[in-house]
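Chemist: Here is a sequence together with a model predicted from it:
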Amino acid sequence: MRPATAAKLRANAATIHQLGRQHGLHSFALSTEPGELVATLDADRSYFDITSFETDLSTILGALVEVVPRGPGVDINETEPLNDLRGAA
């Protein structure tokens with residue numbers, strides 16, 4: 001499976017945010033790497049939640065998605081926030 005493109009991730013931002021809430025992930029941003037998202041993981045969640053999110057979203061999009069959680073010691077380049085534009089005027 002090929003990595004999701006930035007355009008595909010942007011087009012599915014609402015789905016990403018909705019699914020992310022179910023898995024304890026929020027504040028998504030695009031990374032410089034294809035198919036890679038940066039996100040904040042809720043304190044009461046684990047890497048199992050990240051893996052479940054990646055699997056579920058990759059299945060929905062038909063393209064590989066990886067998540068890098070923000071945190072100490074994580075050096076990742078974010079290119080732009082992935083906003084959930086539902087309800088935007």
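Modeler: Looks like it arrived, so ask away.

Chemist: Can you classify the most centrally placed residue in the chain as helix, strand or coil?
Modeler: Centre of the chain computed as the mean C-alpha position; nearest residue by Cα atoms, centre = their mean is Leu37, 4.2 Å away. Here Leu37 is strand, with the state taken from DSSP: H, G, I helix; E, B strand; the rest coil.

Chemist: Could I get the full set of strands for the protein?
Modeler: Shown for the chain, the strands assigned by DSSP state E span residues 25-31, 36-41, 66-69, 78-81.

Chemist: Paired strands for the third one, with orientation please.
Modeler: Translated: strand 66-69. strand 36-41 (parallel) (DSSP bridges).

Chemist: Enumerate the positions of the partner strand that are buried.
Modeler: By neighbour count with 16 or more other Cβ atoms under 10 Å, strand 36-41 contains the buried residues 36-39, 41. For the C-beta atoms, the positions are set from N, CA and C on the backbone; glycine is no exception.

Chemist: ok so, going back, ok, of the strands of the chain, where does mean pLDDT dip lowest?
Modeler: Of all those, the minimum mean pLDDT falls on strand 78-81 (a mean of 79).

Chemist: As PDB, could you dump the C-alpha coordinates of it?
Modeler: Extracted in PDB, the C-alpha atoms of strand 78-81 (Å, rounded to 0.1, in the frame of the first residue of the first chain):
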ATOM      1  CA  GLU A  78       5.300  19.800  10.800                       C
ATOM      2  CA  THR A  79       4.300  21.500   7.600                       C
ATOM      3  CA  GLU A  80       0.800  22.700   8.400                       C
ATOM      4  CA  PRO A  81      -2.000  22.000  10.800                       C
END
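
Chemist: quick one: contacts of it?
Modeler: 6, 27-32, 38 (Cβ atoms under 8 Å, 6 or more residues apart in numbering).

Chemist: Centre of the chain to that strand, how far?
Modeler: 11 Å (Cα atoms, centre = their mean, to the nearest Å).

Chemist: go on, stretch 55-69?
Modeler: So, by Cα atoms, centre = their mean, the centroid of stretch 55-69 is 8 Å from its chain's centroid.

Chemist: In this structure, where is pLDDT below threshold?
Modeler: Counting by pLDDT under 70, the low-confidence segments of the chain come to 72-74, 84-89.
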